[in-house]
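A.B. asks: Fold the stuff below for me.
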Amino acid sequence: MITLDTAIARSILDRLFLRAETEIFVEVDNLLAEHKESLDSIFESKTQSYREVLLGCALVRLMNPDVNIRSPYAKQGDNAFNGRTLDEKVVNPFFQANLIPCSKGPYLATFRRNVKLTEETAEGLRDKPGYFSMLALLNAVEECDSDKESEFFIICLLKRFIVLRDASRIPLARITRMSVEQYDELLTKLLRCPSGGLLPVLLTVAFFRTLNSHYNLHWEVEYQGINVADQATGAAGDVTVKLGEKIVLAIEVTERQIDRDRIVSTFNTKIVNSDVKEYLFVYTVTEPNESARQAARNLFSQGYDINFASVTGLIINAFHTLPSFARKRFTVEMIRLLDTMEIPASVKMIWNDCVTSIVEI
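C.D. replies: Numbers count the residues shown, from 1 in each chain. As a prediction, the model looks like this:
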């Protein structure tokens with residue numbers, strides 16, 4: 001494996017980003033036009049990993065042309081590189097610092113298990129056209145014959161990231177006051193909108209952070225992205241409530257019906273591995289079937305407390321017993337979660353549309 005200096009890599013990105021923001025290049029404009037179809041494909045794709053990995057590969061190519069940018073894992077040969085390390089120490093922090101929408105890590109979300117960036121990898125991916133567009137752009141990266149050409153290509157990518165960032169800056173509708181009935185209506189509307197499972201997770205996180213603040217419980221309520229596999233990160237669930245290092249409650253948020261197989265799989269892969277005694281399945285609409293409930297009863301007798309709750313029921317039932325300022329706190333938590341660059345603009349628009357349909361802003 002070829003090792004890269006991450007400090008130098010970050011300084012290169014920062015320098016080229018400044019040029020992308022302030023300078024005009026005929027060469028870059030030509031690249032934007034020449035590769036417009038492929039660039040449109042990966043920058044419009046819901047799989048953020050494609051464009052994030054592409055930027056990392058272009059950066060690697062500039063730093064060391066001897067690296068095989070199709071081999072982003074150390075075990076893939078002497079000329080391979082560590083793509084995950086590059087992303088975690090350079091590319092992702094760069095995105096965060098410059099308020100560019102990004103995932104929590106492409107090598108956790110999409111390109112796991114020692115895969116190579118070749119056509120064969122497409123079989124396990126959802127957005128195959130987007131992936132093939134990424135491969136076409138990797139070809140263009142490999143065809144760069146000089147540092148200057150490689151820099152122009154990176155600047156070309158950065159200009160598209162700037163467009164993406166500017167498009168995602170959507171002011172969120174702020175609510176000053178809502179009744180429990182209005183919240184019930186709002187949650188129902190939000191959960192009817194397709195968000196790739198993101199909105200149910202955010203609502204759940206906001207609720208538990210509200211409880212934490214209201215009762216001063218000293219919890220840490222953590223969550224991970226929808227496209228990040230729990231097993232890849234070692235997380236016990238989509239949402240994890242901790243007190244220090246101890247897991248108080250692990251939560252799986254789902255839009256699919258929960259059955260016995262789901263309970264057994266979760267028990268074997270998450271509950272046992274993380275030694276979680278309290279586990280909550282939060283569902284959107286479809287209730288767990290009887291086989292799931294029976295499996296939960298069986299595990300209860302073995303010392304594991306597994307429960308089920310709908311997103312709306314969980315939140316609204318608590319709102320009936322909490323004071324009105326706790327509801328305001330929930331709104332603040334929800335806005336805080338939504339008002340980050342990693343949340344897609346489409347999800348922010350769903351929030352705005354649902355809020356404005358219920359209350360007058």
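A.B. asks: domains of this structure?
C.D. replies: The record's domain parsing of the chain by automatic domain parsing lists 6-167, 180-358.
A.B. asks: Out of these, which gets nearest to residue 173?
C.D. replies: domain 180-358 (4.2 Å; C-beta to C-beta). The way it works is simple: take the backbone N, C-alpha and C, and place the C-beta from them, glycine included.
A.B. asks: Off-centre distance for that closest one?
C.D. replies: Mean-position distance between domain 180-358 and its chain equals 16 Å (C-alpha atoms, centre = their mean, to the nearest Å).
A.B. asks: now do the same end-to-end measure for it.
C.D. replies: Taking C-alpha to C-alpha, to the nearest Å, domain 180-358 runs 12 Å from one end to the other.
A.B. asks: that older thread, the domains of the chain into TSV, with extra columns for distance to residue 173 and mean neighbour count?
C.D. replies: Supplementary listing: the domains of the chain in TSV, determined by distance: least, C-beta to C-beta, whole Å; neighbours: other C-beta atoms under 10 Å:
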stretch	distance to residue 173	mean neighbour count
domain 6-167	18	18
domain 180-358	4	17
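A.B. asks: Compare those and report which one is nearest to residue 174.
C.D. replies: domain 180-358 (6.5 Å).
A.B. asks: Residue 263 contacts residue 299, correct?
C.D. replies: Yes: with contact defined as C-beta atoms under 8 Å, residue 263 and residue 299 form a contacting pair (7.4 Å).
A.B. asks: picking that back up, turn the domains of the chain into JSON lines, including mean pLDDT.
C.D. replies: Shown next, in JSON lines, are the domains of the chain (pLDDT from 0 to 100):
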{"stretch": "domain 6-167", "mean pLDDT": "95"}
{"stretch": "domain 180-358", "mean pLDDT": "92"}
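A.B. asks: Quick check: neighbours shared by residue 263 and residue 299?
C.D. replies: Shared contacts of residue 263 and residue 299, defined by C-beta atoms under 8 Å, 6 or more residues apart in numbering, are found at residue 306.
A.B. asks: Need the residues that contact the lengthiest helix in the chain.
C.D. replies: Looking across the chain with DSSP state H, the single longest helix is helix 147-167. With contact meaning C-beta under 8 Å, 6+ apart, helix 147-167 is reached by 13, 16-17, 19-21, 25, 27-28, 31-32, 35, 39, 43, 51, 54-55, 58-59, 61-62, 95, 98-101, 140-141, 144, 341, 345.
A.B. asks: the helices in the stretch 1-150 of the chain, which residues?
C.D. replies: 6-22, 26-34, 36-44, 49-63, 83-86, 92-97, 106-109, 128-142, 147-167 (DSSP state H, counting those that start in this stretch).
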